[in-house]
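# Take this sequence and fold it.
(4 chains)
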2 protein chains.
Amino acid sequence: MSPYDPSAYPPFAVTVDLVVLTVRRHALCALVVRRGEQPFQGRWALPGGFVRDEEDLAAAAARELSEETGLCAHDPAMPGAGNGAHLEQLATYGDPKRDPRMRVVSVAHLVLAPDLPAPRAGGDANSARWAPVDELLALGDEGSAGLAFDHAQILADGVERARSKIEYSSLATAFCPPEFTVGELRRVYEAVWGVALDPRNFHRKVTGTPGFLVPAGGTTTRQGGRPAQLFRAGGATLLNPPMLRPEV
Amino acid sequence: MSPYDPSAYPPFAVTVDLVVLTVRRHALCALVVRRGEQPFQGRWALPGGFVRDEEDLAAAAARELSEETGLCAHDPAMPGAGNGAHLEQLATYGDPKRDPRMRVVSVAHLVLAPDLPAPRAGGDANSARWAPVDELLALGDEGSAGLAFDHAQILADGVERARSKIEYSSLATAFCPPEFTVGELRRVYEAVWGVALDPRNFHRKVTGTPGFLVPAGGTTTRQGGRPAQLFRAGGATLLNPPMLRPEV
DNA sequence: ATCATAGTCGTCTGCCTGACGATAAACAGC
DNA sequence: GCTGTTTATCGTCAGGCAGACGACTATGAT
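Model prediction:
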């Protein structure tokens, strides 16, 4: 290899792109913004922006998230950070032709958030909305309708990460408000996986997995029907045994 | 967000670093090279180098791998690429102070390879060796003995990725030669996880998981004892049921 | 011949899972 | 108040898989 030679490296632009997921009306939705300029003007894209000088990648992602949604990101490495959204690095995309103007390497991040009011259009993005990921992914990444750049691929990778990670971690609680019922958590799994789950078996599994849920003390009837116990997320991050996604 | 403004972005250097893992003498080992220059001169580091203009991230990782080891990387997205090593993107590290000279963002990749002859010292790296990961990680990432830069963290992340990924994928076969026995595969799991596994239960599991192994037709006694059947990796990439890592 | 080493096949028991019956506690409408 | 609807919660039962471990087989070493 050529060791580091500060005078002879090609310069890159480095950005962060965000796959912000939430569950709205029984559907997994992603945050997209409409591009106001070329290229891909008028097309939907994932929110994101340049990493600043002297700014860590996670900090850049958290800043962009805050600018777009007002959400306070919750770095899992720093526990006790309140009710912020979950943020983790997803993958990095660096195809030389992914941006037609210059060499841009984008470090994509995944954000999981509870259901939010309609996003505020922040800064230069002239509009933003929650779109069901099924619709976004059905558009494909080519043609005139799909997401800008390689964002369809990034979104697909983020959705797949979320789908697999809620199997063996307690990440599904990141889609819920601080206090939630077993039924609400079940509807999260159903929306993310796109399947129907048996409420009785789900209840047994989720309450029987140590550290997943701790009772919060009250009950609620906000979903109708019999009052349901409220829970908070327990301390466990890895579920044992895991929640298994049903077969094909 | 600030949309792309080609004239106003901070320039970054982008590198790839490689976590190259193999199993040697019942131990999980990583490839490290000795640094020939400042900073961290004389310390061990992960192999890596700058991403070139017009070069994809995966291509840069494959090129560095070839330069360091002569291995031909096998992109999992491109099947049928022969007996190359497994290569996948690991994570990206961009702390502003991770390189004391300039802003460097490093896209780390994970490589899993079968046991190889001693690495050839390629190019400017004045020496390279396989080191047991337990030794490397026990040094810590500070003080005068550990790996250079944040490479101890990168290595730890790569090892953890490998440990968890062989649970639910057929990746352990990437540590084996093209034809191998059940016992050899078991020793891979034992080395990567650092545990002892029951040979009888392991044999039942691994031969009962559809698509994991296909008989290659012959037998071998290279491990001593009774001749063992030879297998090749089957087509399956995801194992169902998974190989479960024993509890703590 | 005997031992040591490794591989392979079975058995048994306990746990987890999926399928599904039954009961409980709220609300809406009559 | 009664009835139907909705959701939550508990129980039961059969099947599958996993860990513990016994038994047997086929090679090379002494």
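# did I read that right, residue A:90 in a helix?
No: using DSSP: H, G, I helix; E, B strand; the rest coil, the assignment for residue A:90 is strand, not a helix.
# ok, it touching residue A:110?
Yes: contact between residue A:90 and residue A:110 holds when scored by C-beta atoms under 8 Å: they sit 4.4 Å apart. Backbone N, C-alpha and C define where each C-beta goes, glycine included.
# From the chain's centroid, how far away is stretch A:156-176?
Taking C-alpha atoms, centre = their mean, to the nearest Å, one finds stretch A:156-176 lying 8 Å from the centre of the chain it belongs to.
# got it, and stretch A:88-101?
18 Å.
# and what of stretch A:155-168?
Computed by C-alpha atoms, centre = their mean, the chain-centroid distance of stretch A:155-168 equals 9 Å.
# that older thread, shared neighbours of residue A:90 and residue A:110, anything?
Each of A:19, A:158, A:161 lies in contact with both residue A:90 and residue A:110 under the rule C-beta atoms under 8 Å, 6 or more residues apart in numbering or on different chains.
# Make sure the second one is actually in contact with residue A:110.
It stands for residue A:158. Yes: counting by C-beta under 8 Å, residue A:110 is a contact partner of residue A:158 at 4.8 Å.
# Tell me which of those two has more neighbours.
residue A:158 (27 against 23; other C-beta atoms under 10 Å in any protein chain shown).
# show me where pLDDT drops low in chain A?
Counting by pLDDT under 70, chain A contains low-confidence ranges at A:1-8, A:75-83, A:117-126, A:141-144, A:248.
# Tell me where the longest helix sits in it.
As assigned by DSSP state H, the longest helix anywhere in chain A is helix A:151-168.
# how about it: buried residues?
Neighbour-count burial for helix A:151-168 flags A:151-159, A:161-162, A:165-168 (criterion: 16 or more other C-beta atoms under 10 Å in any protein chain shown).
# does chain B sit close to the strand ranked longest in chain A?
Longest among the strand segments of chain A by residue count, using DSSP state E, is strand A:13-24. Yes: interface with chain B: strand A:13-24 contributes A:13-14 (C-beta under 8 Å from any C-beta of the partner chain).
# what packs against that strand?
Counting contacts by 3 or more C-beta pairs under 8 Å, 6 or more residues apart in numbering or on different chains; DSSP states H and E, strand A:13-24 packs against strand A:27-34, strand A:48-50, helix A:57-69, strand A:85-93, strand A:104-112, helix A:151-168, helix A:182-193.
# mind checking how far that strand is from the chain centre?
When C-alpha coordinates are averaged (C-alpha atoms, centre = their mean), strand A:13-24 and its chain have centres 7 Å apart.
# Show me what that strand pairs with in its sheet, parallel or antiparallel.
Take DSSP bridges as the rule and strand A:13-24 pairs in its sheet with strand A:27-34 (antiparallel), strand A:48-50 (antiparallel), strand A:104-112 (parallel).
# Which stretch among the ones you listed approaches DNA strand C most closely?
Closest approach to DNA strand C among these is made by strand A:27-34 (20.2 Å; C-beta to the nearest atom of the strand).
# Please enumerate residues in contact with that closest one?
Contact partners of strand A:27-34, identified using C-beta under 8 Å, 6+ apart, comprise A:18-23, A:42-47, A:68-69, A:119, A:121, A:125-134, A:136, A:147, A:155, A:158-159, A:162, A:191-192, A:194, B:1.
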